[in-house]
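Participant: Return atomic coordinates for the entry below.
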Amino acid sequence: GWGAHGGGAARVAFTHDGRLVTAGRDNLVRAWDQNGAQQKQFEGFSDIALAAVFTHDGNRVLGGDWTGELRVWEYADGKRVANLSTNPPTLAMIADEQAKLAAAAEAEAAKLAAELAALEKAAADQGVAVKNAGDLVATTKAAADKAAEEKTAAAKAADDAAKTAQAAATGAEQGKVAADKLTAERAALEKALQEKLAAEKDALAKAAEAKKAADAAATAKTAADQTVATKDAAVKDTGTKLTAAQEAANKAVADKAAADKAAADKAAAAKAAAEKAAAAKLAAEKAAQEAKAAAEKAAQAATAAK
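Facilitator: So this is what the prediction gives:
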């Protein structure tokens with residue numbers, strides 16, 4: 001026998017080129033060639049593997065286990081590329097999440113804008129400091145030049161001015177370095193803000209699409225509710241008619257029962273009258289018979305008397 005999985009296989013599926021993939025009770029998904037030779041063994045599940053199948057092009061494999069986990073692997077290298085949800089969010093949930101993302105993006109954009117404004121202000125302040133340092137350098141250089149021209153008369157003053165100029169130049173260079181750093185930070189911040197704004201725009205577009213889909217679903221639900229209301233009204237009207245028909249039927253039954261009772265009463269009275277008439281007839285017949293017998297007896301007596 002072919003022991004594809006210890007404990008047995010739960011699923012076998014073929015692809016268009018004859019390869020097959022199996023899922024088994026050993027928590028594994030494996031791929032095989034047409035001759036039954038194993039080609040791939042994918043990352044094991046934490047529970048029994050219940051399903052496995054190739055994608056339409058045979059380049060990926062999907063597998064699922066008893067816990068409901070659903071994985072996607074690249075067939076070429078056997079690496080997992082994704083986990084799929086077995087309970088995806090509804091349109092309303094997606095729209096709500098996109099709205100939250102858009103709000104967060106707007107808040108982040110506002111924060112970045114505030115930081116950018118602060119950096120711009122700092123850069124402006126630093127520019128003022130650099131300009132002041134430059135002015136100081138120019139002033140000091142002029143003083144140094146003047147001191148050089150008057151070197152004979154004020155050599156010590158010129159030397160002091162030169163030292164002051166050197167210190168000012170050092171401060172100016174440091175200010176330029178700081179200004180360059182602020183400029184670079186500003187450029188990076190502007191780039192981050194642009195990327196954030198692009199992401200916000202994309203999130204807003206997705207939220208609009210999700211809202212459109214949610215609105216369409218709400219419209220369909222409204223139409224369905226109207227259909228249900230119409231059917232409910234028809235059912236209610238049918239129930240009213242059925243009630244009226246039932247009441248009419250009950251009245252007809254009651255009327256029939258009353259008519260039956262009246263007929264029965266009349267039949268009983270007629271029967272009693274017929275029985276009374278029969279009894280009277282019997283009495284009359286008996287009296288006639290008795291009178292006939294008396295007449296015959298009298299006739300006989302008359303004959304005997306003659």
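Participant: Stretch 284-296: which residues count as buried?
Facilitator: Within stretch 284-296, no residue is scored as buried using 16 or more other Cβ atoms under 10 Å. All C-beta atoms are positioned from the backbone trio N, CA, C, and that covers glycine.
Participant: Let me fix that, I meant to ask about stretch 80-92.
Facilitator: Of the residues in stretch 80-92, those buried (16+ other Cβ under 10 Å) are L91.
Participant: gap between that stretch and the chain center?
Facilitator: 11 Å (Cα atoms, centre = their mean, to the nearest Å).
Participant: Could you write out the alpha-carbon coordinates of it in CSV?
Facilitator: What follows is stretch 80-92, C-alpha atoms only, in CSV (Å, rounded to 0.1, in the frame of the first residue of the first chain):
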residue,chain,number,x,y,z
ARG,A,80,4.3,29.9,3.6
VAL,A,81,3.2,33.2,2.0
ALA,A,82,-0.1,33.9,3.7
ASN,A,83,-2.8,32.9,6.1
LEU,A,84,-6.4,33.4,4.9
SER,A,85,-9.3,34.4,7.1
THR,A,86,-12.2,31.9,7.4
ASN,A,87,-14.4,34.6,8.8
PRO,A,88,-13.7,37.8,6.8
PRO,A,89,-15.0,41.2,8.1
THR,A,90,-18.3,42.6,6.8
LEU,A,91,-18.5,45.7,4.6
ALA,A,92,-19.6,47.7,7.6
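Participant: give me the beta-bridge partners of V61?
Facilitator: Residues in a beta bridge with V61, per DSSP bridges, are F54, W73.
Participant: wait, what's in contact with it?
Facilitator: V21, V29, A31, K40, F42, A52, V53, F54, T55, V72, W73, Y75 (Cβ atoms under 8 Å, 6 or more residues apart in numbering).
Participant: per-residue pLDDT, the third one?
Facilitator: pLDDT for A31: 97.
Participant: is it true that it lies in a helix?
Facilitator: No. According to DSSP: H, G, I helix; E, B strand; the rest coil, A31 belongs to no helix; its state is strand.
Participant: How about it: which residues does it bridge to?
Facilitator: V21, K40.
Participant: hmm, back to that, identify, from the contacts of V61, the entry nearest to E275.
Facilitator: V53 (94.7 Å; Cβ to Cβ).
Participant: what's the spacing between stretch 239-259 and its chain's center?
Facilitator: Using Cα atoms, centre = their mean, the offset of stretch 239-259 from its chain centre is 51 Å.
Participant: Kindly report the same for stretch 237-254.
Facilitator: Distance, centroid of stretch 237-254 to centroid of chain: 46 Å (Cα atoms, centre = their mean).
Participant: what pLDDT, on average, does that stretch get?
Facilitator: Mean predicted confidence for stretch 237-254 is 74.
Participant: just stretch 279-298 next, same as before
Facilitator: Rounded mean pLDDT across stretch 279-298 is 88.
Participant: circling back to that earlier point, report the buried members of the contacts of V61.
Facilitator: V21, V29, A31, K40, F42, A52, V53, F54, W73, Y75.
Participant: quick one: which of the residues you listed is nearest to Q289?
Facilitator: V53 (112.9 Å).
Participant: Look up how far T15 lies from that closest one.
Facilitator: As for V53, its distance to T15 is 9 Å (criterion: Cβ to Cβ, to the nearest Å).
Participant: For the stretch 51-200 of the chain, which segments count as strands?
Facilitator: In the stretch 51-200 of the chain, the strands defined using DSSP state E, counting those that start in this stretch lie at 60-65, 70-74, 80-84.
Participant: mind saving the C-alpha coords of the second one as PDB?
Facilitator: The C-alpha coordinates for strand 70-74 follow below in PDB (Å, rounded to 0.1, in the frame of the first residue of the first chain):
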ATOM      1  CA  LEU A  70      -6.000  28.100   6.400                       C
ATOM      2  CA  ARG A  71      -2.500  28.500   4.900                       C
ATOM      3  CA  VAL A  72      -1.000  29.300   1.500                       C
ATOM      4  CA  TRP A  73       2.400  28.000   0.400                       C
ATOM      5  CA  GLU A  74       4.600  28.600  -2.700                       C
END
